[in-house]
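Asks: here are the coordinates; sequence isn't available:
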């Protein structure tokens, strides 16, 4: 197991009872990250229901939760966007 | 099988050249079948009754007389579409938007519908439906809807994103804030500060084909839907949920689609057509009239935006703040949030803050429109940058280059950018001959930039090789603008065969796994990736078969230029086997040869563009004419440059229409006054010059060919590019779009009166 | 169908009869009764040109003509444009120049462009733009359409000389 990674959140995803602007977590994939997040902050589930995407080193992953997260990556949670 | 989506630089044989589209002949001969072009035995004509009021309580709907009219086979109201959404508010909103439930929320809101044997009977039946309304106070303006005195449209709406949460309901569904740094400190550093307020009016995607479908429901709960849509799999899932069908028992076929631009990502009348068919036990064809399309589907937000930006004398922008109010129609949306994410995305601004207010009004439910929310924010920001540049005395391009976002810049929405192309597009604009073209009297030149995310999503593709070696490529992303040709080119490239040997088709929902919408510029990115992988799958099968035919180990076979080649000691002299030769023997080497891929494509890569616009303004009438226009955009990799250019030109033209003419006009009664192409004027051929394009290719690191989405970004810069050009032509800064002749004339007159 | 009238007309050179109500548009009659769905409905009010046809050689929006007005006249639609198994040069150039994206407006543009080239075989850019100003396209920005018409006109002039 590698060390903890730091995950930052867009201000739009910050809510009472949530992790604030950043938190640290052990996770090797997006789904592990989301599971620990909801485990520690159950109220964050409402954000997931509304849609959350994960930016890993500047590339946005909206749907593929099997995506591996490199230990040294910059990880940022943003709202899930749609297009025309 | 796992495939690597990483970009690999290579030389292409097919990709990057220009080929004719496989559906071209059908479309120039009138054979192509669109939403309204299908029929079924015994089909009925469906028609929808719509609210004439902006906001009204529906006291009673009496359908008895209509039902008794000979030839009427079914009449439905909300009672025939019970709420099965199980607490999913988003889905409940869609249901209520398809058919009013006790309250009409906007002019044009569906209230009832009929199915009858012919058009005349259906029209007569609509008149026999008696609806008792009680008019309620309405609000259609975004700023008015936010005021304390505005009628509150939904009691259940408590503003999200405000802490502590408000105790009273309002029309503000959400507040969003993004950005970083200390804007106050940034403004303190600035030598010049510019502060302005902008307004943009509501526009419609304006696809030429109205919404149309043919629905057929059987008594056993099986059903079929033929429909013009950007995503038949998503339509299937939504319609099945709303009507209580099993997903596998609802077969949805996407017709050829006559334009979408985001407006055909949402269901409108399709669930109603299914409900009519279920009740009548006969197929129902429902085609909207143009007025219905305007009144009840699609439009984008109208907005009101404050921007404040500060810069040092050397052009460095030290702080930027935008406060943006977007209306989403009669239901909550996240349009202002998207504005917050895109407003300053082209720039590296140390201190930036975007605040968004999502607002509910009595207008149709807003849908995505090509890079949704970004053009209005760009109008405000890119106009302000020009004002700032002028006050400082720097050229608008140098001002932008000085502050441009690059790889490593922190995006306003948080993450750090990877490789992006905005600087490349600006540099290309600076070097473009357009910038040196002579301007005549009353002419001006404007430049503006634009950003859109692009998205990926669920995608599934089949590739089947016939015994003669021709290839069927089966796709699930609707082809809105020619993507079948690009996909066939990609398959041909991978397999090493001529383009003409591949035939690309769009499958119905029973023939392929789920595919998300063709939206977010994702078609070529996502299906392109799935096609690469499906072809690689097929190649591994082809190699196995060749090994069997030769009797050599599989690992000694490689695929080169459309044929299997045996390598390694002992079988170097074997002549290669072509795809055709292997396919011909497939029946005896293990059966049909196919490749398949399902992928959640992610990492679509950001799209950036810079546009140049030359405009001539008639000082007598205020009419603006576009005299020259150039689009420079990063495509990552252009698969079929013809259709990439087409996206650039089409997006720019929609933006020009928005900038100069297009707007929803609501009366005091809250009703739409211009629901037709005569009064809602989109650009026509004689309005425009040729639109020059320059495709840049900064590869997307997360696509095997480096593809980025290209469909949407081109609509983002035009509003500001036109506004900046008008400012340079007239000396008048327009802050209200569209910059139609009366508005420009009034602004010129105001200045002359003041001066 | 009340008040139906029998209409005898010529469509793309062939004799055709259909019965339609007196208030039905020719566009609807051609689509629903003659089966020519290449005639597209974009607005029904004569603003978009998707339903363009020629009536005795004159370009009209078929949504603004009644079905009964076709009695004894010559109707030409996009379906009649190609002959002897070959595409009309306009059809071929529209494909070659990627002058269509969604394609819904294409039949109307082809009919309007043919009407232009029939009376003016060598139009300049401005003439093309004004001749096609009654046809709305939302996808292309018209750029490639104008190029396609120019190329087809050149092609047709060459063929004529031969």
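Replies: Perfect, I can see it now. What you see is a predicted model; the values in this text were computed from it and never measured.
Asks: quick one: the strands in chain C?
Replies: All strands of chain C, identified by DSSP state E, fall at C:4-11, C:14-21, C:52-55, C:58-61, C:74-76.
Asks: so who does residue B:282 touch?
Replies: Neighbour list for residue B:282: B:42-44, B:73, B:115, B:216 [criterion: CB atoms under 8 Å, 6 or more residues apart in numbering or on different chains]. Bear in mind the C-beta positions are built from the backbone N, C-alpha and C, glycine included.
Asks: go again with 6 Å.
Replies: Counting by CB atoms under 6 Å, 6 or more residues apart in numbering or on different chains, residue B:282 makes contact with B:42, B:44.
Asks: again, but for the one 4 residues further on
Replies: The neighbourhood of residue B:286, defined by CB under 6 Å, 6+ apart, consists of B:46, B:213, B:269, B:273.
Asks: most neighbours out of those, which is it?
Replies: Among the contacts of residue B:286, residue B:273 has the most neighbours (other CB atoms under 10 Å in any protein chain shown), with 32 neighbours.
Asks: helix or strand for that residue, which one?
Replies: Secondary structure assigned from DSSP states H and E places residue B:273 in helix B:270-280.
Asks: can you tell me the closest non-neighbouring residue to residue B:553?
Replies: Spatial nearest neighbour of residue B:553, chain neighbours left out: residue B:547 (6.5 Å); criterion: CB to CB, 6 or more residues apart in numbering or on different chains.
Asks: picking up where we left off before, so which two of the contacts of residue B:286 are the farthest from each other?
Replies: By the measure CB to CB, B:46 and B:213 form the most distant pair in the contacts of residue B:286, at 8.7 Å.
Asks: now do the shared contacts for those two.
Replies: By CB under 6 Å, 6+ apart, residue B:46 and residue B:213 have these common neighbours: B:273, B:286.
Asks: the residue of chain A found nearest chain C: neighbour count?
Replies: Nearest residue of chain A to chain C: residue A:84, at 12.8 Å (CB to the nearest CB). When neighbours are defined as other CB under 10 Å, residue A:84 has 28 of them.
Asks: now swap in residue A:31 and tell me
Replies: Residue A:31 has 13 neighbouring residues, counting by other CB under 10 Å.
Asks: would you mind measuring from it to chain B?
Replies: Taking CB to the nearest CB, to the nearest Å as the measure, residue A:31 falls 12 Å from chain B.
Asks: quick revisit: so for the residue of chain A closest to chain C, what's the pLDDT?
Replies: Per-residue pLDDT puts residue A:84 at 82.
Asks: what's the closest non-adjacent residue to it?
Replies: residue B:262 (2.6 Å).
Asks: per-residue pLDDT, the one you found?
Replies: Reading off the model, residue B:262 has pLDDT 96.
Asks: where does chain B get nearest to chain C, which residue?
Replies: Closest point on chain B to chain C, by CB to the nearest CB, is residue B:30, at 1.9 Å.
Asks: residues in contact with residue B:426?
Replies: Counted by CB under 6 Å, 6+ apart, residue B:426 has contacts B:400-401, B:404, B:610.
Asks: endpoints of stretch A:29-49, how far apart?
Replies: 19 Å (CA to CA, to the nearest Å).
Asks: how about residues contacting it?
Replies: So stretch A:29-49 is contacted by A:13, A:17-19, A:25, A:27, A:54, A:65-68 (CB under 6 Å, 6+ apart).
Asks: for PyMOL, what selects the buried ones among the residues you listed?
Replies: Typed into PyMOL, the line below selects the buried ones among the contacts of stretch A:29-49, using 16 or more other CB atoms under 10 Å in any protein chain shown:
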select buried, chain A and resi 13+18+19+25+27+54+65+67
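Asks: looking at the contacts of stretch A:29-49, which one is closest to residue C:154?
Replies: residue A:67 (52.8 Å).
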